[in-house]
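>>> Got a sequence here, can you model it:
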Amino acid sequence: MRLVTAVLPPHRVPDVVKALQSFGVRGLTVSEVQGYDGYTARTEVYRGARYRVDVTPLLRLDVLTLDFDAADLVRVIRSAGARGTGGGVVWTVPVDNVVRIRTRESGPDAV
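Numbering: from 1, shown residues only. Predicted coordinates:
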């Protein structure tokens, strides 16, 4: 099993989620995160004082999948997330075991 993680700008996530649903993904986790890439710093004003903001609000998508689907999921995310402006990143990591709490299924059956 593999955990496929994508960190994307918020405006890209709806297209990526639709593409993942079309691929057959039944569930995913979305988290609000902040990232630093060295390119997207902006200046904001708070109580009349200007300050530089180096981190950008992003969304993180986590999808647990079987080994043979991981490369296809990365391709789906890459193609759906490549539209428009802004960047993103996708990576995979191995998962040793997973247990579905409600049904007590474990391993590939829980995915």
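>>> mind checking how far the helix or strand hosting L58 is from the chain centre?
With the criterion set as DSSP states H and E, the secondary-structure element containing L58 is strand 56-65. The gap between the average C-alpha position of strand 56-65 and the chain average comes to 2 Å, counting by C-alpha atoms, centre = their mean, to the nearest Å.
>>> Okay, strands next: where are they in the chain?
Per DSSP state E, the chain has strands spanning 2-8, 29-35, 42-46, 49-53, 56-65, 89-94. These are given in chain order.
>>> Sheet-wise, list the partners of the strand holding L58 with their directions.
When pairing is defined by DSSP bridges, strand 56-65 lines up against strand 2-8 (antiparallel), strand 29-35 (antiparallel).
>>> okay, these, which one's buried deepest?
For the strands paired with strand 56-65, the stretch with the most neighbours on average is strand 2-8, a mean of 20; neighbours defined as mean count of other C-beta atoms under 10 Å. Using the backbone N, CA and C atoms, a C-beta is placed for each residue, glycine as well.
>>> Taking strand 89-94 as reference, get the angle to it.
Computed with axes from the mean of the first three to the mean of the last three C-alpha atoms, to 10 degrees, the direction of strand 2-8 lies at 160 degrees from that of strand 89-94.
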